[in-house]
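In: A structural model of the following input is requested.
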Amino acid sequence: MSAEFVCLTLIAARSLRDELFDFLSEQRDLVSGFTASDAAGHGPDIRLQTSAERVKGHADELMVRTILQAQEGAQLIERLKTAFAGSRIVYWIMPVSDFGVIDVPNR
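Out: The predicted model follows:
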């Protein structure tokens, strides 16, 4: 039986960057690594925190993605809900049909 992999995506305020990165790095039993990039949040529920965001018309946010097993994704969400209660981190989990690393071939 093969493991069912999922992609967990988190959207958080950039002000949470260091705290979120530290938290994810400490979850070694669930998270083997993650990828992060800057994002621009748009929509009626987005809170524009700074005058710069109000001028730009979008919130400066952070997008974090990690691939993990489905059960581990659920566990990580529960930990995030406890550690970041009230932070308005948005998340979603999507199935991953294949996952691997393309590496240098042996010579």
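In: Adjacent strands (with direction) for the strand or helix carrying residue 61?
Out: In this assignment (DSSP states H and E), residue 61 forms part of strand 59-69. Sheet pairing for strand 59-69, assigned by DSSP bridges, gives strand 5-13 (antiparallel), strand 35-41 (antiparallel).
In: Now do it, average pLDDT.
Out: Averaged across strand 59-69, pLDDT comes to 93.
In: Can you point out the buried residues in it?
Out: 59-64, 66-68 (16 or more other CB atoms under 10 Å). In short, each C-beta sits where N, CA and C put it, glycine included.
In: quick one: which of the residues you listed is nearest residue 17?
Out: Closest approach to residue 17 among those (CB to CB): residue 62, at 5.4 Å.
In: Could you list everything that closest one pairs with in the sheet?
Out: For residue 62, the residues forming beta bridges with it (DSSP bridges) are residue 12, residue 38.
In: what residues are up against it?
Out: Applying CB atoms under 8 Å, 6 or more residues apart in numbering, one finds that residue 62 lies in contact with 10-14, 16-17, 20, 36-39.
In: can we see that at 7 Å?
Out: 12, 14, 16-17, 36, 38-39 (CB atoms under 7 Å, 6 or more residues apart in numbering).
In: Now pLDDT too, for those, in TSV please.
Out: Listed next are these as TSV, based on pLDDT from 0 to 100:
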residue	pLDDT
12	95
14	92
16	96
17	96
36	97
38	92
39	87
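In: buried ones in the one helix or strand in the chain whose mean pLDDT sits lowest?
Out: Among the helical and strand segments of the chain, the one scoring lowest on mean pLDDT, DSSP states H and E is helix 51-56, with a mean of 75. Counting neighbours by 16+ other CB under 10 Å, one finds that the buried residues in helix 51-56 are residue 53.
In: Same check on stretch 79-96?
Out: Residues 80, 84, 89 are the ones in stretch 79-96 that count as buried (16+ other CB under 10 Å).
In: Ignoring the adjacent residues along the chain, who's closest to the first one?
Out: With sequence-adjacent residues excluded and distances taken as CB to CB, 6 or more residues apart in numbering, residue 80 is closest to residue 89, at 6.5 Å.
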